[in-house]
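Asks: Sequence first, then the predicted structure:
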Amino acid sequence: MSEPSASPWRVPLFAPDFGKAELEAVQRPVREGWLTMGPRVSELEERWRRYTGARHVFAVSNATTGLHLAMLAADVKPGDEVLCPTLTFVASANAIRYVGARPVFVESKGAHDLNLDPEDCARKIGPKTRAIVVVHYAGFPADMDAILDLARRHRLHVIEDSAHAVFSRVRVGGAVRMCGSIGDIGAFSLFSNKNMTCGEGGLVTTNDDALAQRMKLGRSHGMTSLTLDRHHGRAVSYDVVQLGFNFRLDEIHASLAIAQLERLPGFLAARHRLFLAYRRRLEALPVVLPFADRPEFRDPPSAADTAGLPPEAAALPPVGIHILPVLLPEQADRRAVMEHLKKRGVQSSIHYPPIHLFESFRGDPATADASLPRSEALAARQLTLPFYPTMTDAELSLVVEALAESLALD
């Protein structure tokens, strides 16, 4: 288990778990003498294919560059519009702006499901709409049947921001599918606070050969061969056939990610148990725990729930839960609640301030007129509590106790 650095928190918001395997992993590329994109990256990509069932997987420097590649591969151009939830990390919308397109922000469904609302998506599709960015909030899959139906009818690309959803599954069109392999392109994050981490890193997935070729070239300067190919004598030169970027993942990060991936089934099982423990403990408080009533937590699993999945994925819990969001009572003073938690040594956060209310977007004529009252009301009540696999029962008790005290004081 990793030793945390000095922290003011008795219970932090998240806590990566590193051990001997991770220490060995980061040293391995140095001993092997190859640090840029190479065999460890290829191994990570192959393992990700086996988990997601996606035909193509590319490791990238982070999920934001993955989303940027997705926009380019989907041929989203300046002046186009892309639907995007406002309750997500700003990278989901920034990737749209990188290519000169306009994010059109979409409402969340409601207090029990913070994912984007397909009905609001339908209302906001216009002649310039080219794609829908779907974020699986907290790891809980969005309504992909409805989203895919909209996309088919309006000929739109679906880009899954699966930064939270490593590895979540959902039934789509009667078949069980892994998040990130359902739409046209999926993007995953390996950032420090994610379900598995290598500090900075990400992956993009697709089942479309043409999209895959564009992302493969775009990841590394549009070059037809890589340094490793020339090192091994597989190529002597290269051509540049499209505009590309340096969005590559290096061997040290990939090796660390592989070590974390080995432990991910245990991490996800612990997160599943912790969510259920929170659900039991929070029932006595006047808060809403979004997603608590989903079928994954009501019905016992059956063979049909994993039919057709890759064997590696079938053994995992149904949801790769990432964060623990709650909604405070409408009259609660969230700042005061957070201050009381802080005094008790409990870290909390907000996921997320609505993107359309950030200064950068309010000051942009393309997005300044956004009005999303439902999402704004939900965001004003949202609070994220500590959630990580090594969290103890004593730490959970402290969090719930401090939250109860803060609400009683309010």
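Replies: Thanks, I have it.
Asks: For T52, see how far away L309 is.
Replies: 10 Å (C-beta to C-beta, to the nearest Å). Any C-beta I mention is one placed from the backbone N, CA and C, and that applies to glycine too.
Asks: higher neighbour count, those two?
Replies: The neighbour count for L309 versus T52, taken as other C-beta atoms under 10 Å, is higher for T52 (28 against 20).
Asks: got any residues that touch both of L309 and T52?
Replies: Taking C-beta atoms under 8 Å, 6 or more residues apart in numbering as the criterion, L309 and T52 both touch M178.
Asks: name the element the closest residue to V287 other than its chain neighbours belongs to?
Replies: Nearest residue to V287 in three dimensions, chain neighbours excluded: V326, at 4.6 Å (C-beta to C-beta, 6 or more residues apart in numbering). In the assignment (DSSP states H and E), V326 maps to strand 324-327.
Asks: ok now that strand, how far from the chain's centre?
Replies: Offset of strand 324-327 from its chain centre (C-alpha atoms, centre = their mean, to the nearest Å): 16 Å.
Asks: List the buried residues in it.
Replies: For strand 324-327, a neighbour-count test (16 or more other C-beta atoms under 10 Å) marks L324, P325, V326, L327 as buried.
Asks: Kindly reformat these as CSV containing distance to I252 and pLDDT.
Replies: Formatted as CSV, those follow (distance: C-beta to C-beta, whole Å; pLDDT from 0 to 100):
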residue, distance to I252, pLDDT
L324, 31, 98
P325, 33, 98
V326, 37, 98
L327, 40, 98
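Asks: For those, give me TSV that also has distance to V399.
Replies: Shown next, in TSV, are the buried residues of strand 324-327 (distance: C-beta to C-beta, whole Å):
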residue	distance to V399
L324	9
P325	13
V326	10
L327	16
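Asks: Just give me how far stretch 272-291 sits from the chain centre.
Replies: When distances are taken as C-alpha atoms, centre = their mean, stretch 272-291 is centred 21 Å away from the chain's centroid.
Asks: okay, now A313: neighbour count?
Replies: Neighbours of A313 using other C-beta under 10 Å come to 21.
Asks: can I assume it is in contact with A54?
Replies: No - assessed by C-beta atoms under 8 Å, A313 is found out of contact with A54, at 11.0 Å.
Asks: who touches both of these two?
Replies: With C-beta under 8 Å, 6+ apart as the test, A313 and A54 both reach M178.
Asks: Could you check how far G218 is from V241?
Replies: 11 Å.
Asks: Compare those two (neighbour count), which wins?
Replies: The neighbour comparison of G218 against V241 (other C-beta under 10 Å) goes to G218, with 23 against 11.
Asks: Q242 is in contact with the more buried one, correct?
Replies: Yes - assessed by C-beta under 8 Å, G218 is found in contact with Q242 at 6.7 Å.
Asks: What part of the protein, helix or strand, is modelled with the least confidence?
Replies: When each helix and strand of the chain is scored by mean pLDDT, DSSP states H and E, helix 227-231 comes last, with a mean of 66.
Asks: where along the stretch 1-150 of the chain do the strands fall?
Replies: Secondary structure of the stretch 1-150 of the chain, counting by DSSP state E, counting those that start in this stretch: strands at 56-60, 81-85, 102-106, 108-110, 113-116, 129-135.
Asks: Thanks a lot, see you next time.
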